[in-house]
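Visitor: next comes the sequence, and after it the predicted model I'd like to discuss.
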Amino acid sequence: MDRKFEPVLTSGTTSSLPPPVAATTVDSSRVLRNTYWLLALSMLPTVAGAFAGMQLNFISLFKAAPIMTPLLMFGAMLGSLFVVTRLRNSAWGVAALFGFTFISGLMLTPILTVAAGFRNGGQLVALSGGLTAAVFFALAAYATVSKRDFAFLGKFLFVGLVLLIVASLANLFLQIPAMALTISAVAVMIFSLYLLHDLSNIIRGGETNYVMATLSLFLDLFNIFVSLLHLLLAFTGQRD
C-alpha cells in the first residue's frame, strides 16, 4: 500500500473512462488526461458527502464522541482506501474511488460546521478552495514544463507524513490550539511537496494506473484544502 494510503473522499460516469488496467508501456499523456478528468469528477461525490454530512447533522457524532468518531472515520477511510487499491485494475476501481471521496466529504463536516459559525465563513471556504486550486495549477504547470524527477523527495516526505500523523493523533487527546495550527501549517507544506512529487511521477510515466494516480492527487488536494481552511479560520475568521 502506498505511503499516503495510511491514515493522517453512475454508471454513466464510469463507462466514459477506459478500464484502468496497468500496463508496462503506457502513454503518460493519456494517463495524465484520464487522471485530471477523473479528479474533476471525484469532486462531485466529495461535495455530496459534505452536503450530506451538514444536512444529517453529522457534527453531533463528533460532539458526542470527539475522540472515537474521528478515529472511526479514520478507520472507514483506511478501509475504503484498501478497497480502492484492490480494485484499481478494474472498472469497479472508479466506483470505489468515488466511495472514498464521498467518505472524505463527510470528514469535512466538522470544519465546515465551524466555518458556518463565522460571519465570513463562506468566503474563507471559497478562498481556501481557490488557493488549493492555484497551488495545483502552479505545480502542475511547473512539473509539466520542467520534466524534473522529484522522486528524491519520497523518503523525506514519508518521514514527515508519519510524524504529521502521530502529531495529529496526539492532538486529538491534547487539544492544544497552537499545536493544531502548527500541524496545519506543516501539512500545507508537506502535501504541496507531495503534490509536486505525484504530478512528476505521473508525467514521467512512473504511475500508469489512473485510479491510483487520481487517488494520490485527491489526497494531496484534500489535505491542502483542509489545512488552509483551518489556518484561515484561525487568523482571519470573523465571529458573529
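Guide: Yep, that arrived. Numbering: from 1, shown residues only.
Visitor: when you work out contacts or count neighbours from here on, use the C-alpha atoms and nothing else.
Guide: OK.
Visitor: wait, L97 touches T85, no?
Guide: No: no contact is recorded between L97 and T85 when judged using C-alpha atoms under 8 Å, the distance being 9.1 Å.
Visitor: for the chain, what spans make up the helices?
Guide: Secondary structure of the chain (DSSP state H): helices located at 11-15, 28-55, 59-64, 68-86, 92-107, 109-116, 121-146, 154-174, 177-203, 210-236.
Visitor: and the ones you listed as a markdown table, adding mean neighbour count?
Guide: As requested, the helices of the chain are arranged in a markdown table below (neighbours: other C-alpha atoms under 10 Å):
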| stretch | mean neighbour count |
| --- | --- |
| helix 11-15 | 10 |
| helix 28-55 | 18 |
| helix 59-64 | 14 |
| helix 68-86 | 17 |
| helix 92-107 | 24 |
| helix 109-116 | 18 |
| helix 121-146 | 16 |
| helix 154-174 | 15 |
| helix 177-203 | 20 |
| helix 210-236 | 22 |
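Visitor: just to revisit the earlier point, name the residues contacting each of L97 and T85.
Guide: In the contact map built from C-alpha atoms under 8 Å, 6 or more residues apart in numbering, no residue is linked to both L97 and T85.
Visitor: that older thread, let's have the helices of the chain in TSV, adding mean pLDDT.
Guide: Converted to TSV, those look like this (pLDDT from 0 to 100):
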stretch	mean pLDDT
helix 11-15	39
helix 28-55	94
helix 59-64	90
helix 68-86	92
helix 92-107	96
helix 109-116	94
helix 121-146	96
helix 154-174	94
helix 177-203	96
helix 210-236	96
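Visitor: which residue, other than its chain neighbours, is closest to F150?
Guide: Sequence neighbours aside, H197 is the residue nearest to F150 in space, at 5.2 Å (criterion: C-alpha to C-alpha, 6 or more residues apart in numbering).
Visitor: let me see the contact set for that neighbour.
Guide: Counting by C-alpha under 8 Å, 6+ apart, H197 touches 149-151, 153-154.
Visitor: tell me the buried residues within those.
Guide: Neighbour counting over the contacts of H197 (16 or more other C-alpha atoms under 10 Å) leaves 149-150 as the buried ones.
Visitor: need the contacts of H197 in JSON lines (columns: distance to S192).
Guide: Converted to JSON lines, the contacts of H197 look like this (distance: C-alpha to C-alpha, whole Å):
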{"residue": "D149", "distance to S192": "16"}
{"residue": "F150", "distance to S192": "12"}
{"residue": "A151", "distance to S192": "14"}
{"residue": "L153", "distance to S192": "12"}
{"residue": "G154", "distance to S192": "13"}
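Visitor: among the contacts of H197, which ones are in strands?
Guide: Using DSSP state E, no member of the contacts of H197 falls in strands.
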